[in-house]
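> my questions are about this predicted structure, shown below with the sequence.
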Amino acid sequence: MSTLAPRRPGATRDKRHFAIVASLFNRLYVQGLVDHALAELRELAPSANIAVHQVPGAFEIPVVVREIALKKHAHAILALGVILQGKTSHAQNLARSVTDALQQIAIEHGVPVINAVLSLETEEQARERCLESEINRGTEAARAAVEVSEVLGKMRRK
């Protein structure tokens with residue numbers, strides 16, 4: 001596990017709109033990601049509007065992300081989910097499909113999509129990355145969302 005978390009960006013006073021699309025599958029771990037992401041977004045962008053959308057599983061995340069992207073209202077979209085490896089290759093196929101779809105949506109619609117749909121081998125890894133605070137991927141996703149929305153905002157104002 002990497003111990004090099006991205007630096008914390010400075011807080012913004014700009015009015016921002018963030019959307020979180022979170023899977024209900026592996027709910028305990030995903031809720032940890034959501035809770036940490038929300039807490040970090042509220043710290044870094046206290047005046048932001050944050051909408052949370054829940055979907056049954058990771059496979060359903062991209063279609064909701066696309067719908068949000070089509071509305072062109074969100075400054076960034078956070079995709080949060082946990083895929084645990086089982087005894088077949090299904091988890092790997094699912095993770096690749098979701099990752100590819102999220103990247104395609106971001107590129108086609110020009111909206112940052114922060115991919116924190118984690119593909120993990122064990123529940124121990126899930127606990128470390130989703131429930132604990134040292135290197136929480138929800139916190140990292142929120143930081144990336146704020147930072148990339150700032151970069152794009154500056155570029156688009158020029």
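Nice, thanks for sending it over.
> tell me where this protein has helices.
Along the chain, counting by DSSP state H, helices occupy 27-44, 61-71, 90-109, 123-126, 137-157.
> distance check, the residue positioned nearest the centre of the chain against residue 13.
The centre of the chain sits closest to residue 78, judged by CA atoms, centre = their mean, with a distance of 2.9 Å. When distance is defined by CB to CB, to the nearest Å, residue 78 is 20 Å away from residue 13. (Each C-beta comes from the backbone N, C-alpha and C, glycine too.)
> and stretch 46-59, end to end?
Stretch 46-59 has its terminal residues 31 Å apart, counting by CA to CA, to the nearest Å.
> equivalent analysis for stretch 109-116, please.
Terminal residues of stretch 109-116 are spaced 19 Å apart (CA to CA).
> contacts for it?
When contacts are defined by CB atoms under 8 Å, 6 or more residues apart in numbering, stretch 109-116 is touched by residues 33, 37, 65-66, 68-70, 72, 74-81, 98-99, 102-103, 105-106, 137-138, 140-141, 144-145, 148-149, 152.
> just the buried ones from those residues?
33, 37, 65-66, 68-69, 74-81, 98-99, 102, 105-106, 137-138, 140-141, 144-145, 148-149 (16 or more other CB atoms under 10 Å).
> thinking again about what came up before, and the helices of the chain: which comes nearest residue 51?
Across these, residue 51 has its closest neighbour in helix 61-71 (8.1 Å, CB to CB).
> any idea of the mean pLDDT in that closest one?
The average pLDDT within helix 61-71 is 98.
> residues in contact with that helix?
Helix 61-71 is contacted from outside by 19, 21-23, 53, 55, 74, 77, 79, 81, 98, 101-102, 105-106, 108-109, 111, 113, 117, using CB under 8 Å, 6+ apart.
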